[in-house]
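Participant: Just a sequence and a predicted model for now, questions to come.
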Amino acid sequence: MNMPQWQGGDEPAYSFGSELLRWLAPPHDGPEETVAVPEPDGSSPPVSRGIKWCAALLSQARAAREAIERHAPDRIVTLGGDCLVDLAPMAYLSRRYGEKLGVLWLDAHPDVMSAAEFSHAHAHVLALLLGRGDEAFTAEVPRKLDARRVMIAGMQGWNADEDLILKELGIRHIPPAVLADSSRPILDWIETEGITHLAVHFDLDVLDPAHFSPLLFNRPGMPEGAFDGIEQGRMQLDQVVRLLKEIGAAVDMVGLAIAEHLPWDMLRLRNSLAELPIMKS
């Protein structure tokens with residue numbers, strides 16, 4: 001499923017990042033759906049119930065659910081877009097596999113806030129899947145995830161609000177240093193919880209921005225200190241690939257969402273080419 005959603009992070013470049021992921025993805029045999037998302041037009045975000053672009057995001061989540069239900073798949077790969085693109089796929093897989101399902105959340109951030117803490121809904125998605133947050137969005141998750149079968153991996157730090165929520169929800173997390181050379185902590189969790197099917201949320205910002213460029217923290221032209229206080233990823237891409245391959249050999253991986261791809265250089269090149277008259281003739 002292609003979902004070029006950008007409103008959850010209020011960042012138009014997520015739309016182009018999703019389109020490029022679609023082009024980069026290897027060939028596949030299954031059905032393909034693309035959720036219609038309005039192009040950014042520079043307008044200010046409407047805010048409802050404390051959430052920017054609330055109505056559009058809810059409409060898109062429902063459209064994604066309908067697209068999935070048309071095919072009733074055994075597995076879903078989702079290419080986004082901001083992190084909220086995983087609401088419908090995870091909700092579907094939770095309903096399909098129930099207690100057999102585990103969720104691995106590869107992310108530099110826990111995504112457990114609500115409108116009370118932050119107006120960008122891409123930071124709400126894991127909490128929504130666990131039943132915490134805006135009622136209209138949690139209603140899209142008929143079978144809530146079991147916190148025992150959720151593991152956040154690659155998160156180094158979190159803020160005070162997130163700390164309280166993580167404790168309230170009882171979500172476990174493993175820092176990047178523990179996973180740098182071994183997948184064993186995740187494999188042990190899978191075995192202990194009796195997980196037979198796994199869905200993976202892969203927010204690219206779990207990666208170290210010094211070694212992987214298409215991330216929010218590498219946005220051109222930002223003043224020094226613009227991202228102070230926001231946790232940045234520490235993992236390497238080859239570490240994540242190793243982790244997913246080893247986990248995939250041990251459990252049936254039924255879901256993968258890749259989110260928050262921001263290819264700044266490609267976006268600059270696209271926009272620059274559009275300025276050349278010869279390209280339009």
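Facilitator: It's in. Numbers count the residues shown, from 1 in each chain.

Participant: which residues of the protein fall in helices?
Facilitator: In the chain, the helices defined using DSSP state H lie at 13-24, 54-71, 87-97, 125-129, 135-138, 160-169, 176-179, 184-192, 237-250, 264-273, 277-280.

Participant: Throw those helices into TSV and include distance to residue 153, thanks.
Facilitator: Where you see a C-beta, it was placed from the backbone N, CA and C, and this is true even at glycine. Output for those, formatted as TSV (distance: least, Cβ to Cβ, whole Å):
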stretch	distance to residue 153
helix 13-24	21
helix 54-71	24
helix 87-97	16
helix 125-129	12
helix 135-138	24
helix 160-169	14
helix 176-179	6
helix 184-192	6
helix 237-250	8
helix 264-273	26
helix 277-280	43
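
Participant: now stretch 237-245: mean pLDDT?
Facilitator: For stretch 237-245, mean pLDDT is 98.

Participant: Over to stretch 161-168?
Facilitator: Here the average pLDDT along stretch 161-168 is 97.

Participant: quick check, distance from that stretch to the centre of its chain.
Facilitator: 19 Å (Cα atoms, centre = their mean, to the nearest Å).

Participant: Could you pull out the buried residues of that stretch?
Facilitator: Neighbour-count burial for stretch 161-168 flags 162, 165, 166 (criterion: 16 or more other Cβ atoms under 10 Å).

Participant: do the same with stretch 140-151
Facilitator: Buried-residue list, stretch 140-151, by 16+ other Cβ under 10 Å: 140, 141, 143, 145, 146, 147, 149, 150, 151.

Participant: Stretch 263-277 now?
Facilitator: By 16+ other Cβ under 10 Å, the buried positions in stretch 263-277 come out as 263, 264, 267.

Participant: Ends of stretch 50-57, what's the gap?
Facilitator: For stretch 50-57, the separation between the terminal residues is 13 Å (Cα to Cα, to the nearest Å).

Participant: Run through who's touching the lowest-mean-pLDDT helix or strand in the chain.
Facilitator: Every helix and strand of the chain was ranked by mean pLDDT, DSSP states H and E. The lowest is helix 277-280, at a mean of 93. Applying Cβ atoms under 8 Å, 6 or more residues apart in numbering, the contact partners of helix 277-280 are 273, 274.

Participant: re earlier: save the buried residues of stretch 140-151 as TSV, and put in distance to residue 179 and pLDDT too.
Facilitator: Below are the buried residues of stretch 140-151 laid out as TSV (distance: Cβ to Cβ, whole Å; pLDDT from 0 to 100):
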residue	distance to residue 179	pLDDT
140	31	98
141	27	98
143	28	98
145	21	98
146	22	97
147	20	97
149	18	98
150	16	98
151	11	98
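
Participant: Just the ones in strands from these, please.
Facilitator: 150, 151 (DSSP state E).

Participant: From the buried residues of stretch 140-151, pick the one nearest residue 52.
Facilitator: Distance to residue 52 across the buried residues of stretch 140-151 (Cβ to Cβ) is lowest for residue 140, with 17.9 Å.

Participant: Show me the shaky parts of the stretch 151-281 of the chain.
Facilitator: The stretch 151-281 of the chain contains no residues with pLDDT under 70.

Participant: what do you get if the cut-off is 90, keeping everything else the same?
Facilitator: Scanning the stretch 151-281 of the chain for pLDDT under 90 picks out 280-281.

Participant: Can you tell me the closest non-neighbouring residue to residue 242?
Facilitator: Leaving aside its sequence neighbours, residue 242 sits nearest to residue 183 (Cβ to Cβ, 6 or more residues apart in numbering; 6.8 Å).

Participant: thought that neighbour was touching residue 246?
Facilitator: Yes - counting by Cβ atoms under 8 Å, residue 183 does reach residue 246; the two are 4.3 Å apart.

Participant: hang on, the earlier thing: so which of the buried residues of stretch 263-277 would you say is closest to residue 53?
Facilitator: Using Cβ to Cβ, residue 267 is the member of the buried residues of stretch 263-277 that lies nearest residue 53, at 20.3 Å.

Participant: ok, the closest residue to the closest one other than its chain neighbours - contacts?
Facilitator: Once flanking residues are discounted, residue 267 sits nearest to residue 16: 5.3 Å by Cβ to Cβ, 6+ apart. Contact partners of residue 16, counting by Cβ under 8 Å, 6+ apart, are 4, 263, 266, 267, 270.
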